[in-house]
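Student: Need a 3D model of the sequence below.
(chains A, B, C and D)
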Number of protein chains: 2
Amino acid sequence: MAYPTINGQTRSRNAARTKQRILDAAEHLFAEHGFEQTSLADVGERAGVSRATPGYFFGSKDELYQAVLAECFAQVRTAVQQGRARTEASNAPPEAILAGAVGDYYDFLASHPTFVRLIEREALTAGPLPEAIPPRLAAGQDALAAIIDDLGIADHNPDRAAHFLVSLVALCWFPIVHSNTLLQAVGLDPEAKGFDARRRNHVIDLVLHGVRGSLPVDTKSVMPTRAASLGDDT
Amino acid sequence: MAYPTINGQTRSRNAARTKQRILDAAEHLFAEHGFEQTSLADVGERAGVSRATPGYFFGSKDELYQAVLAECFAQVRTAVQQGRARTEASNAPPEAILAGAVGDYYDFLASHPTFVRLIEREALTAGPLPEAIPPRLAAGQDALAAIIDDLGIADHNPDRAAHFLVSLVALCWFPIVHSNTLLQAVGLDPEAKGFDARRRNHVIDLVLHGVRGSLPVDTKSVMPTRAASLGDDT
DNA sequence: TCTAACTTGCTTGACGTATAGCAAGTGAGG
DNA sequence: CCTCACTTGCTATACGTCAAGCAAGTTAGA
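Tutor: Numbers count the residues shown, from 1 in each chain, chains lettered A, B, ... in the order given. I've put the predicted structure just below:
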């Protein structure tokens, strides 16, 4: 009668595991329904624990959210750092490197839709009004700055580089957020086989042509190796 | 002590005006804080009426939201139609037309940030899970489809056109939603003088180069979205 | 090795607050 | 005076948080 569980068995006690389960459940629910729209009870239910356990481990709902965000940003940072390390080790021509980076970024986002949704909500919460910013936003801002720093941008030619970076992110990001609205409305199915490959190539095309101006670009020599190998994704 | 107001004066009663004020207040608050995070009391306060007046005029919170959405989409539709009419009247070359359309679209979004935020929230609410879709989404889907139709897309070569349209929207859309996160992180200030002009040129550049680069032989055929379909659509 | 004392993991109950919606009231203007 | 425009009062519900409690696990001492 102690720890009633799904099948009536007594559950083993394991703080680390439970904490991680709560974190995972929270990440999914926050991404899917937003912060205010997910209750701690929801999180507990999805994690297979009781109402109050999320609060027990994380103190408050806000702190749980912070923890989720932190974990997400940590993922991105390691991904960015890995990508950068690989780039530095390669002797490929700049265009190939750029194409590879764009492709990698696209693949990362496409395989982490919950992250994208989470950040998108974050961006909307950080409204243009100079209201007192909820403390849960600070972490995100800092992490974002760190990532930008990891990318090694912001040194030379800030404005033009910045616009390109924004465009690049936008092109990869947007179809994920709007997969159920705009994409559907224009007849694109993100679930379709090969969609990600086509979209990725389209983005790379746009960015390379943009970077090169009107100069012709040999697209094929620039394709990342992964473009052909990936049929579908997670 | 019936209708206490800001200055203690008796207020005149005017249903239409009050309704519009409530609608405006709701649009702003929904866009700024999201649906769940704005209470009817907030709307009432901002509109200068009492707690329950929004409910009195619109029945329920959901219906108020629907009304807000409907008004927003109506705005977009008229803007799209006006733009299209102007395009049809012009004899400019396809590239100029495309550039003009992109610029118009950018300007519209830049001057309607609440609309952008509203739709962005909507897109996030329409999660990938096949849950029962809230009725408030239906209006958006319909209006969006109508707009696509107005633009005369989806005729020939739907996939390429669709991807270009998505990219175009993404490039204009993204900086508005992420003005306080990514843009700030990369050192771009959307409030700075001339930012919109620079961004708009950047977007037009990217799109034009992309269009030109992807099908270098025949420029006109690359823009069926705009140039070839102006006269006909379903 | 047995067990009693103690710690940690987790649950249930309770309380305060926010809020959507309803119902009854009240005043203005035709 | 009567209807419409609008208000205040009330209720039900949902949720975050706190506190008490209990069981599983751990350590210390015989």
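Student: Got the domain ranges for chain A?
Tutor: In the assignment given by automatic domain parsing, the structural domains of chain A cover A:13-59, A:68-229.
Student: ok, how many other residues are close to the nearest residue to A:G83 once chain neighbours are set aside?
Tutor: Spatially, and ignoring its direct neighbours in sequence, A:G83 is nearest to A:D104 (5.2 Å; Cβ to Cβ, 6 or more residues apart in numbering or on different chains). In this view, the C-beta of every residue, glycine as well, is placed from N, C-alpha and C. Here the neighbour count serves as a burial measure; for A:D104 (other Cβ atoms under 10 Å in any protein chain shown) it reads 19.
Student: Run through chain A and note the low-pLDDT ranges.
Tutor: A:1-12, A:127-144, A:147-158, A:213-234 (pLDDT under 70).
Student: Mind naming the longest helix for it?
Tutor: If you go by DSSP state H, chain A has its longest helix at helix A:61-89.
Student: Does that helix reach DNA strand C?
Tutor: No: Helix A:61-89 stays out of contact with DNA strand C when judged by Cβ under 7 Å from any atom of the strand, the minimum separation being 11.9 Å.
Student: Return the distance of that helix from the chain's centre.
Tutor: Relative to its chain's centre, helix A:61-89 lies at 9 Å (Cα atoms, centre = their mean, to the nearest Å).
Student: which parts of that helix are buried?
Tutor: Counting neighbours by 16 or more other Cβ atoms under 10 Å in any protein chain shown, one finds that the buried residues in helix A:61-89 are A:61, A:64-69, A:72-73, A:76, A:79-80, A:83, A:87.
Student: try stretch A:42-49
Tutor: Neighbour-count burial for stretch A:42-49, with 16+ other Cβ under 10 Å as criterion, is recorded at A:D42, A:V43, A:G44, A:R46, A:A47, A:V49.
Student: near DNA strand C, anything from it?
Tutor: Yes: looking at stretch A:42-49 against DNA strand C by Cβ under 7 Å from any atom of the strand, the contacts come from A:G44, A:V49.
Student: Could you write out the alpha-carbon coordinates of that stretch in PDB?
Tutor: The C-alpha atoms that make up stretch A:42-49 are tabulated as PDB, following Å, rounded to 0.1, in the frame of the first residue of the first chain:
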ATOM      1  CA  ASP A  42       0.500  16.500 -15.100                       C
ATOM      2  CA  VAL A  43       4.300  16.200 -14.800                       C
ATOM      3  CA  GLY A  44       4.000  13.900 -11.900                       C
ATOM      4  CA  GLU A  45       1.500  11.700 -13.700                       C
ATOM      5  CA  ARG A  46       3.600  11.500 -16.800                       C
ATOM      6  CA  ALA A  47       6.700  10.700 -14.800                       C
ATOM      7  CA  GLY A  48       4.800   8.000 -12.900                       C
ATOM      8  CA  VAL A  49       5.000   9.700  -9.500                       C
END
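Student: contact partners of that stretch?
Tutor: The set of residues that contact stretch A:42-49 without belonging to it, under Cβ atoms under 8 Å, 6 or more residues apart in numbering or on different chains, is A:5-6, A:18, A:21-22, A:24-26, A:28-29, A:33, A:50-54, A:64.
Student: try 6 Å this time
Tutor: Outside of stretch A:42-49, the residues that reach it under the criterion Cβ atoms under 6 Å, 6 or more residues apart in numbering or on different chains are A:R21, A:I22, A:A25, A:A26, A:L29, A:S50, A:R51, A:T53, A:P54.
Student: show me the contacts for the fifth one.
Tutor: Okay, so that is A:L29. Per Cβ under 6 Å, 6+ apart, neighbours of A:L29: A:T38, A:D42, A:V43.
Student: possible to save those residues as JSON lines with secondary structure and distance to A:S167?
Tutor: Rendered in JSON lines, the data for the contacts of A:L29 read as follows (DSSP: H, G, I helix; E, B strand; the rest coil; distance: Cβ to Cβ, whole Å):
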{"residue": "A:T38", "secondary structure": "coil", "distance to A:S167": "33"}
{"residue": "A:D42", "secondary structure": "helix", "distance to A:S167": "37"}
{"residue": "A:V43", "secondary structure": "helix", "distance to A:S167": "36"}
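Student: what's the neighbour count on A:R51?
Tutor: With neighbours defined by other Cβ under 10 Å, the count for A:R51 comes to 14.
Student: Next, A:S90: phi, psi?
Tutor: Taking degrees, to the nearest 10, you get phi -90, psi 160 for the backbone angles of A:S90.
Student: in what helix or strand does the closest residue to it other than its chain neighbours lie?
Tutor: The spatially closest residue to A:S90, leaving aside those adjacent along the chain, is A:I97, at 6.6 Å (Cβ to Cβ, 6+ apart). Under DSSP states H and E, the secondary-structure element containing A:I97 is helix A:94-110.
Student: next one: that helix to chain centre, how far?
Tutor: Its chain's C-alpha centre and that of helix A:94-110 lie 14 Å apart, by Cα atoms, centre = their mean.
Student: Any part of the helix or strand following that helix near chain B?
Tutor: Past helix A:94-110, heading to the C-terminal end, the next element that is a helix or strand (DSSP H and E) is helix A:113-125. Yes: Helix A:113-125 comes into contact with chain B when judged by Cβ under 6 Å from any Cβ of the partner chain, the residues involved being A:E120, A:A123, A:L124.
Student: Contact partners for the last one?
Tutor: With contact set as Cβ under 6 Å, 6+ apart, A:L124 has these partners: B:E120.
Student: neighbours around A:D24, how many?
Tutor: Per other Cβ under 10 Å, the neighbour tally for A:D24 reads 16.
Student: For it, which non-adjacent residue is closest in space?
Tutor: Once its chain neighbours are removed from consideration, A:D24 has its nearest residue in A:A47; the separation is 7.3 Å (Cβ to Cβ, 6+ apart).
Student: tally of neighbours for the residue nearest to A:S90?
Tutor: Other residues within reach of A:I97 by the criterion other Cβ under 10 Å amount to 17.
Student: Check whether it really touches A:T87, as I assumed.
Tutor: Yes: the criterion here is Cβ atoms under 6 Å, and A:I97 meets it with A:T87 at 5.4 Å.
Student: Chain A against chain B: which residues are in contact?
Tutor: A:32, A:36-37, A:120, A:123-124, A:126-127, A:144-145, A:148, A:158, A:162-163, A:165, A:167, A:170-171, A:174, A:177-178, A:180-181, A:185-188, A:202, A:205-206, A:209-210.
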